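>>> Quick one, structure for this:
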Amino acid sequence: MAETTSYTQQRERLRDYFDRTASETWARLTSDAPVSRIRETVRAGRTEMREALLSWLPQDLAGRRVLDAGCGTGALALEAARRGAEVVAVDVAGSLLSVAAERTPPELRDRIDWRTGDMLDGTLGAFDHVVAMDSLIHYGPRDIVGALGRLARVTRGSIVFTFAPRTPLLAAMHTAGKLFPRSDRSPAIQPIAERRLHEALRSSEALDGWVPARTGRVSRGFYISHGLELVRP
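Numbers count the residues shown, from 1 in each chain. Sure, this is the predicted structure:
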């Protein structure tokens, strides 16, 4: 499935947002620097989700190739590399990758290939495992399933990803974002009903043979995200 116009446009919005507006904010959020109480909940939620997704991968990743799709400032990629993986970490925002590269300890530099670009770039190669943490939450069901279908073509083992579950709080935040846009606001997340997403996954020809496995939700204040694992039985 080729990229849709909506996917391409949203990807470019995300790149512009992080590179032009939010790189410093995200560098601080993903560090141990003091932040506001609201951002503390986001930091704690992201940490909990990252640990959950990593727990779904083999503990020993030696000899495995892992794609961190939408790696941001690189915390997940670093942990996968510590567990022995050869990691390709890609993000549309070069400013975030600069932070990630600076945070990479010398002993892990040969294990991580930091790439600026699209997580669906076919030239990245084939992988044993793909992780897309909070990098698909800004897309609707069609674009999420399309992206997963393209990632499935290059994945031998599992795909773990997150989506924004439709909850009253997220629905209200999404509506407020549409009614009261600001130039510095992050591109809106797209809350999705879990049942609707599962239906879309089942009906995708590109994901034929892939089935949902482990699943889990993290809700910490202003951070609400749902993780899902896809595997071949």
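>>> alpha carbons only for contacts and neighbour counts from here, please
Fine.
>>> Tell me where this protein has strands.
65-69, 86-91, 112-116, 127-132, 155-163, 211-220, 223-231 (DSSP state E).
>>> Pull the number of nearby residues for Gln9.
10 (other C-alpha atoms under 10 Å).
>>> er, Val211 actually
Neighbour number of Val211 under other C-alpha under 10 Å is 16.
>>> Pull the contacting residues for it.
Contacts for Val211 (C-alpha atoms under 8 Å, 6 or more residues apart in numbering) come out as Arg202, Leu230, Val231, Arg232, Pro233.
>>> repeat that for 7 Å
Going by C-alpha atoms under 7 Å, 6 or more residues apart in numbering, Val211 touches Leu230, Val231, Arg232.
>>> Please tell me how far it sits from Leu97.
32 Å (C-alpha to C-alpha, to the nearest Å).
>>> lowest-confidence helix or strand of this structure?
Lowest on mean pLDDT, DSSP states H and E among the helices and strands of the chain sits helix 168-179, with a mean of 58.
>>> I'd like to know how far the residue lying closest to Ser95 once chain neighbours are set aside sits from Ile137.
Nearest residue to Ser95 in three dimensions, chain neighbours excluded: Asp19, at 5.5 Å (C-alpha to C-alpha, 6 or more residues apart in numbering). Using C-alpha to C-alpha, Asp19 is found at 18 Å from Ile137.
>>> that older thread, which of the contacts of Val211 are buried?
If you count burial by 16 or more other C-alpha atoms under 10 Å, the buried members of the contacts of Val211 come out as Leu230, Val231.
>>> Relative to Gln190, which of the contacts of Val211 is nearest.
The shortest approach to Gln190 among these belongs to Leu230, at 20.4 Å (C-alpha to C-alpha).
>>> Beta-bridge partners for that closest one, please?
Applying DSSP bridges to Leu230 yields these beta-bridge partners: Ile159, Pro212.
>>> how about the nearest residue to Tyr223 once chain neighbours are set aside, what does it touch?
Among residues not flanking Tyr223 along the chain, Val42 sits closest, at 4.9 Å (C-alpha to C-alpha, 6+ apart). Neighbour list for Val42: Arg220, Phe222, Tyr223 [criterion: C-alpha under 7 Å, 6+ apart].
>>> hmm, 8 Å instead?
Val42 sits next to Arg220, Gly221, Phe222, Tyr223 when contact means C-alpha under 8 Å, 6+ apart.
>>> isn't the first one right next to Gly45, touching?
Yes. Shown here, Arg220 and Gly45 form a contact pair, counting by C-alpha atoms under 8 Å, at 5.2 Å.
>>> quick one: the residue nearest to Tyr223 and Pro187, what's the gap?
According to C-alpha to C-alpha, Val42 stands 16 Å off from Pro187.
>>> swap in Thr116?
From Thr116 to Pro187 the distance is 19 Å (C-alpha to C-alpha).
>>> all helices of the chain, in order?
Secondary structure of the chain (DSSP state H): helices at 5-17, 23-29, 37-55, 75-82, 94-102, 141-153, 168-179, 194-203.
>>> Could you find the closest non-adjacent residue to Leu207?
Using C-alpha to C-alpha, 6+ apart, the closest residue to Leu207 is Gly149 (5.4 Å).
>>> burial measure for Pro105, as a count.
Counted with other C-alpha under 10 Å, the neighbours of Pro105 add up to 9.
>>> tell me the pLDDT at it?
Predicted confidence (pLDDT) for Pro105: 98.
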